[in-house]
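Visitor: I would like the atomic coordinates for the input below:
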Amino acid sequence: MPTGLSHEPVELVVPPEHAGSRLDVFLAQHFTDHSRVQLRRVITAGGVRIGDQGGKPSYRLLAGQTIQIVLPPMPAAGPNPEAIPIDILYEDDWLALVNKPPGMVVHPARGHWSGTLTSALAYHFSSLSGAGGVTRPGIVHRLDRDTSGVILIAKNDTAHHRLAAQFADREIEKQYLAFVVGVPDRDRDLIDRPIGMHPHQRDKMAIRPLDPDSRTAQSFYEVRERFKHFALVAIQPKTGRTHQIRVHLASIGHPVLCDAQYGGRDMISRGELLGGKPDEDMVLNRQALHAERLSFTHPEDGRRVTIEAPLPADMLTVLEILRGAK
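Guide: You can find the predicted model right below:
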């Protein structure tokens with residue numbers, strides 16, 4: 001293996017659902033701290049081995065293949081502890097569940113080095129798992145910056161690995177609430193549409209049924225309340241693809257309210273919610289998506305745990321306005 005990249009290779013086994021994926025796409029989905037361009041450079045430099053052979057970025061993977069990669073070095077220090085208030089929904093010696101506010105980035109990334117959830121966690125908890133890397137202490141999964149709600153935190157590596165395995169095996173149940181534009185004509189339905197990278201915009205995903213790199217994605221939704229121009233829906237993602245809920249809801253003609261990427265606008269006023277013209281009373285300026293509930297098996301004793309996060313203030317305001325307009 002070449003030198004100058006990192007000290008130890010990381011080994012992955014290609015699962016059946018990734019058979020046929022490009023090597024660079026597969027690695028980018030697993031190592032999100034690194035850009036796809038960075039990973040292509042590692043592959044080209046000989047930092048990736050597939051079995052006993054090297055590979056090209058466009059190499060198509062087979063199920064069961066073993067990949068070894070020497071990753072570029074990451075910052076030696078983790079996030080700086082910051083005295084940021086957090087809403088702890090549940091805590092024990094193994095894990096915690098936190099109600100993430102909207103607008104908070106989960107872990108440090110380009111352009112977001114402070115004010116992150118990991119900085120808050122480092123301040124509030126004396127012990128966090130290191131299995132996710134130095135920049136992601138305790139982080140087992142993530143939520144988009146503008147998505148609020150329940151996020152699961154591991155306090156030790158054993159808890160992290162056991163919880164990560166539940167996510168991988170789809171044993172963790174997640175439910176989200178969202179306000180959507182328009183009113184679905186069905187009370188409930190399963191959206192079963194494959195998701196892949198957008199062909200032209202690298203920061204977006206898209207429904208790509210003919211793309212060999214697309215992955216199966218399923219989301220079950222149920223309409224909670226109907227209003228004149230909007231609806232409140234509960235969504236249970238059966239898979240965990242990037243932007244899955246937002247892409248799926250947009251694909252059926254009902255994008256998440258104020259989702260700039262997939263719905264075309266990033267804020268809404270009270271007047272518009274009431275079916276009139278825009279006014280100066282802006283009530284929402286982020287995607288109306290909230291992780292309401294998380295259910296999992298406790299990694300210590302095997303009991304089933306279900307934790308819920310209340311609707312945040314901005315979405316609650318939207319609900320009160322829409323109900324008042326009925």
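Visitor: going forward, measure contacts between C-alpha atoms and count neighbours the same way
Guide: Fine.
Visitor: what's the model's confidence in whichever strand or helix holds residue 317, averaged?
Guide: Counting by DSSP states H and E, the element that carries residue 317 is helix 313-324. For helix 313-324, mean pLDDT rounds to 97.
Visitor: give the contact list for residue 150.
Guide: Contact analysis of residue 150 by C-alpha atoms under 8 Å, 6 or more residues apart in numbering lists 97-100, 291-294, 307-309.
Visitor: For the chain, name the helix or strand with the lowest mean pLDDT.
Guide: The helix or strand of the chain with the poorest confidence is helix 36-44; it has a mean of 82 (mean pLDDT, DSSP states H and E).
Visitor: helices or strands up against the helix or strand that that one is followed by?
Guide: Sequence order places strand 48-50 as the next helix or strand after helix 36-44, per DSSP H and E. Contact analysis of strand 48-50 by 3 or more C-alpha pairs under 8 Å, 6 or more residues apart in numbering; DSSP states H and E lists strand 66-69 as its packing neighbours.
Visitor: re the thing from before, for the helix holding residue 317, report the contacting residues that lie outside it.
Guide: The contact list for helix 313-324, computed with C-alpha under 8 Å, 6+ apart, reads 227, 270, 273-274, 283-284, 288.
Visitor: Buried among those residues? Make that a PyMOL selection.
Guide: Burial among the contacts of helix 313-324 is assessed by 16 or more other C-alpha atoms under 10 Å; the matching PyMOL selection reads:
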select buried, resi 227+270+273+274+283+284+288
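Visitor: tell me which of the contacts of helix 313-324 is nearest to residue 64?
Guide: Residue 64 lies nearest to residue 288 out of the contacts of helix 313-324, by C-alpha to C-alpha, at 39.4 Å.
Visitor: wait, doesn't that closest one sit right on residue 257?
Guide: Yes: counting by C-alpha atoms under 8 Å, residue 288 touches residue 257, with 5.5 Å between them.
Visitor: Report the strands that pair with the helix or strand harbouring residue 236, each with its relative direction.
Guide: Using DSSP H and E, residue 236 sits in strand 230-237. Sheet pairing of strand 230-237 (DSSP bridges) gives strand 173-181 (antiparallel), strand 218-226 (antiparallel).
Visitor: Pull the distance from that strand to the chain's centre.
Guide: Centroid separation for strand 230-237 versus its chain: 17 Å, with C-alpha atoms, centre = their mean, to the nearest Å.
Visitor: Now do that strand: everything it contacts.
Guide: Counting by C-alpha under 8 Å, 6+ apart, 173-184, 218-226, 244-245 sit against strand 230-237.
Visitor: Kindly write the ChimeraX command that selects the buried subset of these.
Guide: Only the buried entries of the contacts of strand 230-237 go into this ChimeraX selection, using 16+ other C-alpha under 10 Å:
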select :173,174,175,176,177,178,179,180,181,182,183,184,218,219,220,221,222,223,225,226,244,245
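Visitor: So which of the contacts of helix 313-324 belong to strands?
Guide: 283-284 (DSSP state E).
Visitor: Which of the contacts of helix 313-324 sits closest to residue 61?
Guide: Closest approach to residue 61 among the contacts of helix 313-324 (C-alpha to C-alpha): residue 288, at 37.2 Å.
Visitor: I'd like to know how far the closest one sits from residue 184.
Guide: In this view, residue 288 and residue 184 are 16 Å apart by C-alpha to C-alpha, to the nearest Å.
Visitor: Can you pull the residues that touch both of residue 288 and residue 257?
Guide: Common neighbours of residue 288 and residue 257, counting by C-alpha under 8 Å, 6+ apart, are 178-180.
Visitor: Please parse this protein into its domains.
Guide: What the record gives for the chain is the domain set 10-69, 87-169, 174-308+319-324, from automatic domain parsing.
Visitor: Which of those has the lowest mean pLDDT?
Guide: When the domains of the chain are compared by mean pLDDT, domain 10-69 comes last with a mean of 86.
Visitor: and it, how far apart are its ends?
Guide: Using C-alpha to C-alpha, the end-to-end distance of domain 10-69 comes out at 5 Å.
Visitor: buried stuff in the helix holding residue 317?
Guide: If you call a residue buried by 16+ other C-alpha under 10 Å, then helix 313-324 has these buried ones: 315, 318-319, 321-322.
Visitor: which residues in the protein form helices?
Guide: 23-30, 36-44, 117-124, 157-168, 244-251, 260-263, 270-273, 313-324 (DSSP state H).
Visitor: any idea which of the contacts of helix 313-324 is closest to residue 202?
Guide: Closest approach between the contacts of helix 313-324 and residue 202, by C-alpha to C-alpha: residue 288, at 22.8 Å.
Visitor: Flag every buried residue along stretch 119-135.
Guide: So, applying 16+ other C-alpha under 10 Å, buried residues of stretch 119-135: 119-124, 127-132, 135.
Visitor: would JSON lines of those with distance to residue 40 be doable?
Guide: Output for the buried residues of stretch 119-135, formatted as JSON lines (distance: C-alpha to C-alpha, whole Å):
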{"residue": "119", "distance to residue 40": "30"}
{"residue": "120", "distance to residue 40": "33"}
{"residue": "121", "distance to residue 40": "33"}
{"residue": "122", "distance to residue 40": "32"}
{"residue": "123", "distance to residue 40": "36"}
{"residue": "124", "distance to residue 40": "38"}
{"residue": "127", "distance to residue 40": "35"}
{"residue": "128", "distance to residue 40": "31"}
{"residue": "129", "distance to residue 40": "29"}
{"residue": "130", "distance to residue 40": "26"}
{"residue": "131", "distance to residue 40": "24"}
{"residue": "132", "distance to residue 40": "22"}
{"residue": "135", "distance to residue 40": "22"}
